[in-house]
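Peer 1: predicted model follows, preceded by the sequence.
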Amino acid sequence: MVTEIEKVKLIKAALKAMERAYAPYSGFRVGSAILSKDGKIFWGCNVENSSYGLTICAERVALFSAVANGCREFEVIAVVGDSSDFIYPCGACRQTLYEFSEDLLVIMAKPDGSFIERRLKDLLPWGFKLIR
Ligand code: THU
């Protein structure tokens, strides 16, 4: 169960991460923060590249940072864009998150702190699982 206080804390972390975005090509800064089941928060921002296809989204940077630090189970992820509207994780990020937490709560926030939330399984019904 994620509390409202935890949600606000996560959105603030995502906003801080957004300040670190490296987005000289699109000019579109994104920040993300993910909360592990054992209560740790990891941040990510988008990191672009002059070879555009190598760009990585903020959500995957946050997730990969968490995994690299030993966390594999998550409660909630927040994403905020330097935008007047809520931004939703792209399809690649949805599938990447699905690998670890089908039940993840996804918070889409605006820079003013307002937010909406959805379950990952509603954003990505029938995500891919490797079943042999
Ligand atoms: N971006 C993210 O960081 N997360 C998303 O969910 C969608 C898009 C980034 C990638 C790129 O640096 C910029 O936003 C414009 O597409």
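Peer 2: Everything's here; your move.
Peer 1: list the buried residues of stretch 27-38.
Peer 2: By neighbour count with 16 or more other CB atoms under 10 Å, stretch 27-38 contains the buried residues 29-36. From N, CA and C alone the C-beta is placed, and that goes for glycine too.
Peer 1: which one among those gets closest to the ligand?
Peer 2: Checking the buried residues of stretch 27-38 against the ligand by CB to the nearest ligand atom gives residue 30 as the nearest, at 3.4 Å.
Peer 1: neighbours of the nearest residue to the closest one once chain neighbours are set aside, how many?
Peer 2: Distances taken as CB to CB, 6 or more residues apart in numbering place residue 58 nearest to residue 30, at 4.0 Å, with adjacent residues excluded. Residue 58: 31 surrounding residues under other CB atoms under 10 Å.
Peer 1: which of the buried residues of stretch 27-38 are close to the ligand?
Peer 2: Residues of the buried residues of stretch 27-38 in contact with the ligand (CB under 6 Å from any ligand atom): residue 30.
Peer 1: list the ones among the buried residues of stretch 27-38 that fall in helices.
Peer 2: Among those, no member falls in helices (criterion: DSSP state H).
Peer 1: which helix in the protein has the most residues?
Peer 2: Every helix in the chain considered (DSSP H), the longest is helix 4-19.
Peer 1: which residue ranges form the helices in this protein?
Peer 2: 4-19, 58-68, 91-98, 120-123.
Peer 1: ok, now how distant is the residue nearest to residue 30 from residue 87?
Peer 2: Distance from residue 58 to residue 87, counting by CB to CB, to the nearest Å: 10 Å.
Peer 1: which neighbours do the two share?
Peer 2: Common contacts of residue 58 and residue 87 (CB atoms under 8 Å, 6 or more residues apart in numbering): 30, 79.
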